[in-house]
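I'll drop the sequence and a predicted model, then ask my questions.
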Amino acid sequence: MRFRKLKIVLISSFVVLAVVLAIVVLQKLLEKNSGGIRNIIDNLVDNQETATVDAFLLSDSITKDYLTVNEYSRPGRALKEVNAIVVHYVGNPGTTAAQNRSYFENLKDSHAASASSHFIIGLEGEIIQCVPLDEISYASNDRNYDTIAIECCHPDETGQFTTATYQSLVKLTASLCKTYGLNPEDGIIRHYDVTGKYCPLYYVNNEDEWYGFKLDVKAEME
Ligand SMILES: [Zn+2]
C-alpha cells in the first residue's frame with residue numbers, strides 16, 4: 001500500500017516535470033520564430049557585424065516578397081559580407097517588377113536558369129525585395145558571395161531607366177551604402193564591372209551617366 005502511494009507520487013512528479021520542461025522548450029522555440037523584422041536585424045548583426053540597418057530598408061517603400069527557397073533562385077546560403085552593391089538591368093523591355101519576380105520564382109519549377117536578385121525596381125519606381133539581405137542571390141557571378149544585387153526594369157531597348165525607377169534606385173543604393181558603410185565611388189558597381197556583360201546596358205554605353213548616378217547616391221547619403 002505504502003509502496004503504491006510512493007510510486008504514484010513519483011510518477012506524478014515526473015509527469016509534472018516533463019510538462020514544465022515541454023512548456024519551457026516550446027516557449028523558447030516560439031521566441032526564436034517570432035518577430036520577423038527583429039530576426040532579420042539580429043541575423044544581419046550576427047552575420048554582417050558592422051551593419052546598422054538604415055530605416056529606408058525597413059520602410060513601406062519596399063515590398064518584401066521573398067522567393068521560395070530553392071536551388072535555382074534562392075539557395076538560402078548565407079551572405080557573410082557585403083563589399084559592393086551591383087546594379088543590373090532586366091534586359092526585357094517593358095516588363096514589370098512583379099513579372100520579373102515571378103520569373104525568378106518560377107525557376108524553382110522550370111529549372112531554366114539560375115537567377116535572382118535581392119531587389120527589383122519597377123517602371124513606376126516600386127521596389128520588391130526577393131531575397132533577404134543575409135542570403136546570397138544569383139545575379140553577379142563571382143561576386144554573389146559579397147554583394148547585394150539590384151535589378152532595374154526599363155521601358156525600351158536602350159536600357160535607360162524611367163525617372164521613377166532612377167529615383168528609387170538612388171534612394172535604395174544610398175540606404176544600402178549607409179547600412180554597409182560603403183563609399184559610392186568603389187562600393188557601387190555594374191554587372192559589367194564583374195564580367196564585362198553589357199549590364200546595365202545604358203550605364204555601360206553612357207559612362208558619364210554612371211558617374212552622375214554615383215554622385216546622386218553620394219548626395220542622397222548626406
Ligand atoms: Zn546583370
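Received, thanks. All values derive from a computational prediction rather than experimental measurement. Residues are numbered from 1 along each chain as shown.

three-state assignment of residue 168?
Of the three states, residue 168 takes helix under DSSP: H, G, I helix; E, B strand; the rest coil.

around the ion, which positions in this protein sit nearby?
88, 191, 199 (CB under 5 Å from the ion). For the C-beta atoms, the positions are set from N, CA and C on the backbone; glycine is no exception.

and residue 178, how many neighbours does it have?
By the measure other CB atoms under 10 Å, the count of residues near residue 178 is 17.

in a helix, it, correct?
Yes. Under three-state DSSP, residue 178 sits within a helix.

that one: what's it in contact with?
For residue 178, the contacting residues are 54, 221, by CB atoms under 8 Å, 6 or more residues apart in numbering.

that one and the ion: what is the separation?
Distance from residue 178 to the ion, counting by CB to the ion, to the nearest Å: 23 Å.

with residue 22 instead?
Counting by CB to the ion, the gap from residue 22 to the ion is 50 Å.

filter the residues of the chain next to the ion down to just the ones in helices.
Among the residues of the chain next to the ion, the ones falling in helices (DSSP state H) are residue 191.

I'd like the residues of the chain next to the ion as a markdown table, with pLDDT and neighbour count appended.
Formatted as a markdown table, the residues of the chain next to the ion follow (pLDDT from 0 to 100; neighbours: other CB atoms under 10 Å):
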| residue | pLDDT | neighbour count |
| --- | --- | --- |
| 88 | 98 | 22 |
| 191 | 97 | 24 |
| 199 | 97 | 25 |
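
tell me the one among the residues of the chain next to the ion nearest to residue 179.
When the residues of the chain next to the ion are compared for distance to residue 179 (CB to CB), residue 88 wins out at 19.3 Å.

the closest residue to residue 122 other than its chain neighbours: neighbouring residues, count only.
Spatially, and ignoring its direct neighbours in sequence, residue 122 is nearest to residue 97 (3.1 Å; CB to CB, 6 or more residues apart in numbering). By other CB under 10 Å, the residues close to residue 97 number 26.

what does residue 205 give?
Number of residues near residue 205 (other CB under 10 Å) recorded here: 14.

separation between it and residue 191?
Separation of residue 205 from residue 191 (CB to CB, to the nearest Å) stands at 14 Å.

ok, and residue 209, which helix or strand is that part of?
For residue 209, the host element (DSSP states H and E) is helix 207-221.

hey, C-alpha coordinates of that helix in CSV?
The C-alpha trace of helix 207-221 is given here as CSV (Å, rounded to 0.1, in the frame of the first residue of the first chain):
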residue,chain,number,x,y,z
GLU,A,207,29.9,56.3,-68.6
ASP,A,208,29.1,59.9,-67.7
GLU,A,209,25.6,59.0,-66.6
TRP,A,210,27.0,56.1,-64.5
TYR,A,211,29.4,58.6,-62.8
GLY,A,212,26.4,61.0,-62.3
PHE,A,213,24.5,58.2,-60.7
LYS,A,214,27.2,57.7,-58.1
LEU,A,215,27.2,61.4,-57.4
ASP,A,216,23.4,61.4,-56.9
VAL,A,217,23.8,58.5,-54.4
LYS,A,218,26.5,60.4,-52.6
ALA,A,219,24.2,63.4,-52.3
GLU,A,220,21.3,61.3,-51.1
MET,A,221,23.5,59.9,-48.4
